[in-house]
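Asker: Curious how this folds, go ahead:
(chains A and B)
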Amino acid sequence: MSAASVYVAIAFVLAAVFTYLAARRRRSPLGIDKARALMSSLDIEAFRNLVDPEEEAFLRSNLPSDEFKTIQRERAWAALAYMRALSHAALEFSRFGHAMYNSSDPRLAELGRQIVNDAVYLRLRALETSGRLFVAATFPNLTQRYPKSLFEQYEHSSGLLLRYGMLERARRQAS
Amino acid sequence: MTLWYKLLFFYLWIAPHLLLMVVAVLLLKKRLYTNFPVFTIYTCYEIAEFVLLLAMAVTGLNRGALLMPVYLVTLGISTALRFGVLQEVFNNIFREHIQLHALARISLRWTTGFLLATAVLGSIFAFAQTSDSAIADVAWLGRGIALIQCGLVLFLLMFSRLFGLSLESYVFGIALGFGILSSVELANWALHTGSLTDSMARALNLLPTGGYHVVVLLWLGYLVAPARKVLQPSDLPVGDMNQWNQELERFLQ
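Answerer: I've put the predicted structure just below:
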């Protein structure tokens, strides 16, 4: 195969990807219900335990090395499942925030701006934590430090969702 | 040259630039030049370049030695402006997200470095297969640039998608247009690096102009079409908002 045909093939693939992204953008729905369901399905306390450094230190000092590695791997994979859900929720949250952000009503736009910023930060922290958890699952002996700001961000984002939820409920009651 | 080919060739050369004039007018009318100054300059520049090349074609100057330098200079400026537009798209996407801006900037630098290395290595390894024609010499450079621009657009779209950043309609339209234009040019330049028969070269002449036509229509579409329906104030009357705020205060007490 000549170099030219390789480049032409790459060009076709790229054009197809751009077309796909444009088509998908048109169909992407607003996902507040999805985000809310995902956020409420998360047991953040259970997740906090899974990444608690004191818990990890306790297990490390009380378990034989092999058993600790096995358990630590299981804990890391379980925490990764939480992170996947949280990361997905942040994405839906961000999309919803963008929808509000474009509103010409300044109060809604401001709430939307806060939601988008929170969601982006939450997603960033979730991706960072996922990376660390993946390393922890692969090398269980390595001690990992998980960002505390993840939990703060989660609580803040949940608060914003709650605020929107209250507004929505009040609106329903009023109509 | 058959008559239909001539007609198609001139149509694909002239029509996109006429449509581009409409794009420029819309950019000025909607005051989008404040958010997209480089894109506005790019559209104006493309129109001016077209007028210059058309004038050269009409006066017969395009048959002399002047054509190649003019072509290369205009292509160079156009390429530089396209990179400028991509930077503008980047700024528009991440302007509001300070915490993401630094990460995006570093990732963009690494992506540019990687794409540059790929383009240079691709040119070195494929140099043996390049024909001796003058256009083939330009083609390997054009191919590398198209590859970098394609990669940058892909990076911008994928990175914003990774963080759920919903791009403003105009920003998405501009980026998408450049993505498609760069991929068409990548195919065009890649085919020009090889030896071409006259009929193949003629047919290939229609590819960039045809691609350009599609892209200008796309830009026009994104400029004319209203932005995606979102939460509009009509869905949320102001009276309701006051009531909600009272309800919220009651809930919080």
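Asker: Can you pull out the low-pLDDT segments for chain A?
Answerer: Judged by pLDDT under 70, chain A has its weakly predicted residues at A:1, A:26-36, A:38-39, A:102, A:147, A:165-172, A:174-175.
Asker: what are the ranges of the strands in it?
Answerer: For chain A, no strands turn up when DSSP state E is the criterion.
Asker: Quick one: the helices in it, in order.
Answerer: Using DSSP state H, the helices found in chain A span residues A:3-27, A:32-41, A:44-50, A:53-62, A:65-101, A:106-138, A:149-174.
Asker: in the fourth one, what counts as buried?
Answerer: Just to be clear, that refers to helix A:53-62. A:56, A:60 (16 or more other CB atoms under 10 Å in any protein chain shown). All C-beta spots, glycine's among them, are computed from the backbone N, C-alpha and C.
Asker: correct me, but residue A:151 touches residue A:48?
Answerer: Yes: at 6.6 Å, residue A:151 and residue A:48 qualify as touching, with contact defined as CB atoms under 8 Å.
Asker: Pick out the residue nearest the middle of the chain.
Answerer: Picking chain A for this. Compute the mean C-alpha point of chain A, and by CA atoms, centre = their mean the closest residue is residue A:87, 1.3 Å away.
Asker: Correction: the question concerned chain B.
Answerer: Among the residues of chain B, the one closest to the centroid is residue B:178, at 2.2 Å (CA atoms, centre = their mean).
Asker: could you check the distance from that one over to residue A:9?
Answerer: Look at residue B:178 and residue A:9: by CB to CB, to the nearest Å, they are 20 Å apart.
Asker: how's chain A carved up into domains?
Answerer: For chain A, automatic domain parsing gives the domain ranges A:1-29, A:31-174.
Asker: Adding distance to chain B, write these out as CSV.
Answerer: As requested, these are exported to CSV (distance: least, CB to the nearest CB, whole Å):
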stretch, distance to chain B
domain A:1-29, 3
domain A:31-174, 3
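Asker: which of these sits most buried?
Answerer: Greatest average neighbour count among the domains of chain A goes to domain A:31-174 (a mean of 17), per mean count of other CB atoms under 10 Å in any protein chain shown.
Asker: my read: residue B:179 touches residue A:18, true?
Answerer: Yes: under the criterion of CB under 8 Å, residue B:179 makes contact with residue A:18 at 4.2 Å.
Asker: Now do the shared contacts for these two.
Answerer: B:153-154, B:157 (CB atoms under 8 Å, 6 or more residues apart in numbering or on different chains).
Asker: So which of those is surrounded by the most neighbours?
Answerer: Within the shared contacts of residue B:179 and residue A:18, residue B:153 tops the neighbour count with 27 neighbours, counted by other CB atoms under 10 Å in any protein chain shown.
Asker: So which elements touch the helix or strand containing that one?
Answerer: With secondary structure defined by DSSP states H and E, residue B:153 is part of helix B:134-162. Applying 3 or more CB pairs under 8 Å, 6 or more residues apart in numbering or on different chains; DSSP states H and E, one finds that helix B:134-162 makes contact with helix A:3-27, helix B:67-94, helix B:98-126, helix B:169-192.
Asker: again, only using 10 Å
Answerer: Secondary-structure packing of helix B:134-162 (3 or more CB pairs under 10 Å, 6 or more residues apart in numbering or on different chains; DSSP states H and E): helix A:3-27, helix A:65-101, helix A:106-138, helix B:67-94, helix B:98-126, helix B:169-192.
Asker: relative to helix B:134-162, how tilted is the longest one?
Answerer: Angle, helix A:65-101 to helix B:134-162, by axes from the mean of the first three to the mean of the last three CA atoms, to 10 degrees: 100 degrees.
Asker: what angle sits between helix A:65-101 and helix A:53-62?
Answerer: Interaxial angle, helix A:65-101 versus helix A:53-62 (the same axes, to 10 degrees): 170 degrees.
Asker: Lowest-confidence member of the shared contacts of residue B:179 and residue A:18, which is it?
Answerer: pLDDT across the shared contacts of residue B:179 and residue A:18 is lowest for residue B:157, at 90.
Asker: Go ahead and confirm that one touches residue B:166.
Answerer: No: with contact defined as CB atoms under 10 Å, residue B:157 does not reach residue B:166; the gap is 11.8 Å.
Asker: which residues are common contacts for those two?
Answerer: Common contact partners of residue B:157 and residue B:166 (CB atoms under 10 Å, 6 or more residues apart in numbering or on different chains): A:25, B:172.
Asker: which parts of the helix holding residue B:153 are buried?
Answerer: Within helix B:134-162, the residues scored as buried using 16+ other CB under 10 Å are B:136, B:138-157, B:159-161.
Asker: now do stretch B:200-219
Answerer: Neighbour count says stretch B:200-219 has B:205-213, B:215-216, B:218-219 buried, by 16+ other CB under 10 Å.
Asker: Which ones, among these, also lie beside chain A?
Answerer: Restricting the buried residues of stretch B:200-219 to those within reach of chain A (CB under 10 Å from any CB of the partner chain) leaves B:211, B:218.
Asker: farthest-separated two in the buried residues of stretch B:200-219?
Answerer: Across the buried residues of stretch B:200-219, no pair lies farther apart than B:205 and B:219, at 22.5 Å, counting by CB to CB.
Asker: re earlier: could I get the buried residues of stretch B:200-219 as CSV with secondary structure?
Answerer: Shown next, in CSV, are the buried residues of stretch B:200-219 (DSSP: H, G, I helix; E, B strand; the rest coil):
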residue, secondary structure
B:205, helix
B:206, helix
B:207, helix
B:208, helix
B:209, helix
B:210, helix
B:211, helix
B:212, helix
B:213, helix
B:215, helix
B:216, helix
B:218, helix
B:219, helix
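Asker: Would you mind putting the buried residues of stretch B:200-219 into JSON lines with pLDDT alongside?
Answerer: Converted to JSON lines, the buried residues of stretch B:200-219 look like this (pLDDT from 0 to 100):
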{"residue": "B:205", "pLDDT": "83"}
{"residue": "B:206", "pLDDT": "88"}
{"residue": "B:207", "pLDDT": "90"}
{"residue": "B:208", "pLDDT": "90"}
{"residue": "B:209", "pLDDT": "91"}
{"residue": "B:210", "pLDDT": "93"}
{"residue": "B:211", "pLDDT": "93"}
{"residue": "B:212", "pLDDT": "94"}
{"residue": "B:213", "pLDDT": "95"}
{"residue": "B:215", "pLDDT": "95"}
{"residue": "B:216", "pLDDT": "95"}
{"residue": "B:218", "pLDDT": "93"}
{"residue": "B:219", "pLDDT": "93"}
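Asker: Closest to residue A:72 out of the buried residues of stretch B:200-219?
Answerer: Of the buried residues of stretch B:200-219, the one sitting nearest to residue A:72 (CB to CB) turns out to be residue B:218, at 51.5 Å.
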